[in-house]
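S.K.: quick one, what's the 3D model for this:
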Amino acid sequence: MKTIKLLCLSLFVGFFASCNQEDDRSTETAKFAVPVIKSLETLRSSISVTSAQETNADGKIYIAENLLFYIAQESGIHIFDNSNPANPQNMAFINLEGVHDIAVKDNYLYADNFIDLVVFDISDINNIEVVRVAENVISFYPTYPSDAEFYAYEVYPSEGEIMVGFRIETRERPSEQYINFADNALASFESASGSGNVGTGGSFARFQINNNALYTVESFNLKVFNITNPTETFFDKTVNMNEWLGGGLFETLFKQKEFLFIGSTNGMYIVNALDEFNPYFVSSFAHATACDPVVVDGYKAYITVRGGSNCGSIEDQVNVIDITTIENPTLISTYLLTQPYGLGIKNNVLYVCADGNLNVFDATNSAELSLENTYEDEVTDVIALDSHLIAVGTNKIIQYNYGENHTLEVMSVVNF
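M.R.: Numbering: from 1, shown residues only. Here you go, the predicted structure:
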């Protein structure tokens, strides 16, 4: 267990080591990233279900039949009865401190709790139950703070603990001889290195279900879980994909038919999952380092590529990729768009969240996207359903009716 923790520590700190390159040596103090440590026993025992709650956390959305889920990051899961999208009813809250993603099949909800996979029976929303906790099966890497100059390497988790984040402390600036753990961590890591009713997530989803397999993406890996019997869900295998990546990191996961489309920091990767428990790499489409989710419709894949900050220096854009020949995806067109985030596609209409706006494109001509409408609704991701569009922003969910000429009409807004 300690070996795993050291590897995880090296991994995420190494990724953000570049944040330390502009130290101001002229000042007498410096900002240190100090790990926040929590007990695994406390995290596991704190799982509970309550009545509807307010939230103050960024979130993702997920839809499963008449249920709408708002996944408040590292807080919990808000559950709405969405039988009437014009008036969604906030029904329940699952307190799950380490949640980042979920997936739903039939009456079972699968969620991460930092390093655990937790399975809930949601057949009765008024009596949600935990039916399985698979411990220590998911890797978790806290985001290294971009304003930190040094890493407080003297703070680390003991047996039975986990690092869940960082706090910034201002300390006396160390001497030139100070060994900054973050500056050396990457090198040390590199040397160590369906069937059924399945719900739908947004373009930033990292969980997908394929028949009796649940997939989760981590920085370099695709993990496979066997959910044939939900109450006995178990970790099946890790598909190590580091050799495909060429320095990139996996970020998002989208499924169409037997294929998985993985958005990464350096491109899109395609995996054949016809044999759900033995997925294998098929092909990739590469771009410069950037953050990018991907969605697919028919023989076209759509990628938002966002540069700046930790995402890289590539120019912000939307790429349309031809996947007619799945072994050789090729670029059809590029549309420049400021700070694009999540996206969705339905009936040749592309919805892209960019710079706080919801942009609606006519994608009938893949070689030339046409911007039709823009809504200043401060949203970051969407799910394009057959019936209507659902968008999510910070502490809010907006549901829209599809109108004529690619217009959208607000049906309901939920503000937390």
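S.K.: list the buried residues for stretch 406-416?
M.R.: Applying a neighbour-count criterion of 16 or more other CB atoms under 10 Å, one finds 406, 408, 411-412, 414, 416 buried in stretch 406-416. (C-beta placed from N, C-alpha, C; glycine too.)
S.K.: could you do stretch 229-243 as well?
M.R.: For stretch 229-243, by 16+ other CB under 10 Å, it's 230, 233, 235-236, 239, 241.
S.K.: next one: stretch 153-173
M.R.: For stretch 153-173, burial by neighbour count (16+ other CB under 10 Å) applies to 153, 155, 157, 161-164, 166, 173.
S.K.: nearest to residue 31 among the residues you listed?
M.R.: residue 173 (9.7 Å; CB to CB).
S.K.: remind me which residues of the stretch 1-150 of the chain are low pLDDT?
M.R.: 1-27 (pLDDT under 70).
S.K.: ok, 90 please
M.R.: 1-27, 53-58, 139-147, 149 (pLDDT under 90).
S.K.: next: the stretch 151-300 of the chain.
M.R.: Applying pLDDT under 90 to the stretch 151-300 of the chain picks out residues 151, 153-154, 156, 174-197, 218-221, 240-251, 263-267, 284-293.
S.K.: before we move on, the earlier item: keep only those of the buried residues of stretch 153-173 that are in strands.
M.R.: Cross-referencing the buried residues of stretch 153-173 against strands under DSSP state E gives 161-164, 166.
S.K.: got CSV for these, with distance to residue 276 too?
M.R.: Converted to CSV, those look like this (distance: CB to CB, whole Å):
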residue, distance to residue 276
161, 35
162, 30
163, 33
164, 32
166, 37
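S.K.: quick one: which of the buried residues of stretch 406-416 is nearest residue 258?
M.R.: The nearest one, if we look at these relative to residue 258 and count by CB to CB, is residue 406, at 31.1 Å.
S.K.: got a list of what the residue nearest to that closest one when sequence neighbours are not counted touches?
M.R.: Sequence neighbours aside, residue 372 is the residue nearest to residue 406 in space, at 4.1 Å (criterion: CB to CB, 6 or more residues apart in numbering). Applying CB atoms under 8 Å, 6 or more residues apart in numbering to residue 372 gives the contacts 360-362, 405-406.
S.K.: wait, a strand at residue 372?
M.R.: Yes. Per DSSP: H, G, I helix; E, B strand; the rest coil, residue 372 lies within a strand segment.
S.K.: next one: it, what pLDDT does it get?
M.R.: As summarised for this prediction, residue 372 has a pLDDT of 97.
S.K.: off-centre distance for stretch 231-239?
M.R.: Between the centre of stretch 231-239 and the centre of its chain there are 20 Å (CA atoms, centre = their mean, to the nearest Å).
S.K.: isn't residue 258 right up against residue 270?
M.R.: No. Look at residue 258 against residue 270 with CB atoms under 8 Å: they stay out of range, at 10.7 Å.
S.K.: and the two? which has more neighbours close in?
M.R.: More neighbours surround residue 270 than the other of residue 258 and residue 270, with 22 against 15 (other CB atoms under 10 Å).
S.K.: assumed the more buried one was part of a strand.
M.R.: Yes. Residue 270 sits within a strand when classified using three-state DSSP.
S.K.: you'd agree it is up against residue 329?
M.R.: Yes. Using CB under 8 Å, residue 270 is in contact with residue 329, at 6.8 Å.
S.K.: hey, what's in contact with both of the two?
M.R.: By CB under 8 Å, 6+ apart, the residues touching both residue 270 and residue 329 are 283-284, 323.
S.K.: export those to a markdown table and tack on neighbour count, distance to residue 50 and secondary structure?
M.R.: Formatted as a markdown table, those follow (neighbours: other CB atoms under 10 Å; distance: CB to CB, whole Å; DSSP: H, G, I helix; E, B strand; the rest coil):
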| residue | neighbour count | distance to residue 50 | secondary structure |
| --- | --- | --- | --- |
| 283 | 16 | 46 | strand |
| 284 | 18 | 44 | strand |
| 323 | 22 | 44 | coil |
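S.K.: take the buried residues of stretch 406-416 and lay them out in TSV including distance to residue 142, secondary structure and pLDDT.
M.R.: Compiled in TSV, the buried residues of stretch 406-416 are given as follows (distance: CB to CB, whole Å; DSSP: H, G, I helix; E, B strand; the rest coil; pLDDT from 0 to 100):
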residue	distance to residue 142	secondary structure	pLDDT
406	40	helix	94
408	36	strand	97
411	37	strand	97
412	34	strand	97
414	29	strand	93
416	24	coil	81
